[in-house]
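> predicted coordinates and the sequence they were generated for:
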Amino acid sequence: DLGTQVLLASNDDPHKKYVAVVFAGTDDLRTSLEDADILTKRFGNNETVQLPDNHIKVHAGFNNAVFSHNIWEQVYNQTSRVLRHKQDKNYKLYTTGHSLGAANAILTATAFASQTGEDALPNAVKSINFGCPQIGNDYWRGYFNATSPLREK
C-alpha cells in the first residue's frame with residue numbers, strides 16, 4: 001500500500017547547489033491504479049493550487065497522485081523549509097521522475113511555479129524527466145507550451 005513515493009535530496013557543493021524532488025514510477029498495484037485512472041480533471045487541488053482556465057484538464061490518476069493525501073502539501077512544505085533554511089537564491093530546484101514519476105514531477109513543478117505571493121519560492125524550478133506519458137488535454141498542452149513557468153528565465 002505504498003502509492004506515491006517521493007524523495008527530497010539536496011547538494012551543498014558550491015558549484016552544484018540544488019534541491020531535487022524525485023518521484024518513483026509505477027511499481028505496485030496502487031500506482032498501477034493511478035496509471036489506469038485516465039479520466040481528466042482540473043489541475044491541482046482546487047484550493048491552493050490551480051490554473052486560471054477551467055478547460056485545462058489533466059490525467060486524474062496523475063493529479064490525484066500529487067494532490068491527494070496531502071502529498072503536495074508535504075512536498076511543498078519540506079522543499080520550502082529546506083530552501084528557506086539555505087537562504088540562497090542560487091540553489092536550483094529540480095523535479096524529476098520516470099513514467100508515472102515523470103508526470104508527477106511535471107505536475108509538481110507546475111504547482112511550484114504557480115505559487116504567488118509569500119507562498120512563491122525564490123528559486124526557479126526545472127523538471128527533467130524520462131519516459132513521460134501524456135499528462136493532459138489540448139488546453140493543458142496549449143497552456144504549457146505558451147506560458148510554461150518552467151522555461152529558462
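Now that the structure is in, tell me what you want to look at.
> give the buried residues for stretch 121-133.
Buried residues in stretch 121-133, counted by 16 or more other C-beta atoms under 10 Å: L121, N123, A124, V125, K126, S127, N129, C132. All C-beta atoms are positioned from the backbone trio N, CA, C, and that covers glycine.
> pick the one among those closest to G97.
Closest approach to G97 among the buried residues of stretch 121-133 (C-beta to C-beta): N129, at 5.8 Å.
> got a list of contacts for the helix or strand containing that closest one?
Per DSSP states H and E, N129 falls inside strand 125-130. Here strand 125-130 makes contact (C-beta atoms under 8 Å, 6 or more residues apart in numbering) with 92-99, 101-102, 105-106, 108-109, 112-113, 149-150.
> in ChimeraX, how would I select the buried members of these?
Remark: buried members of these, expressed as a ChimeraX selection using 16+ other C-beta under 10 Å:
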select :93,94,95,96,97,98,99,101,102,105,106,108,109,112,113,150
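> so what does the lowest-mean-pLDDT helix or strand in the chain touch, helix or strand wise?
The weakest-scoring helix or strand in the chain, judged by mean pLDDT, DSSP states H and E, is helix 29-36 (a mean of 85). Packing partners of helix 29-36 (3 or more C-beta pairs under 8 Å, 6 or more residues apart in numbering; DSSP states H and E): helix 60-67, helix 100-114.
> ok, the residue most central in space within the chain to N90 distance?
Nearest residue to the geometric centre of the chain (C-alpha atoms, centre = their mean): T108, 1.1 Å. For T108, the distance to N90 (C-beta to C-beta, to the nearest Å) stands at 21 Å.
> just Y139 next, same as before
For Y139 relative to N90 (C-beta to C-beta), the value is 35 Å.
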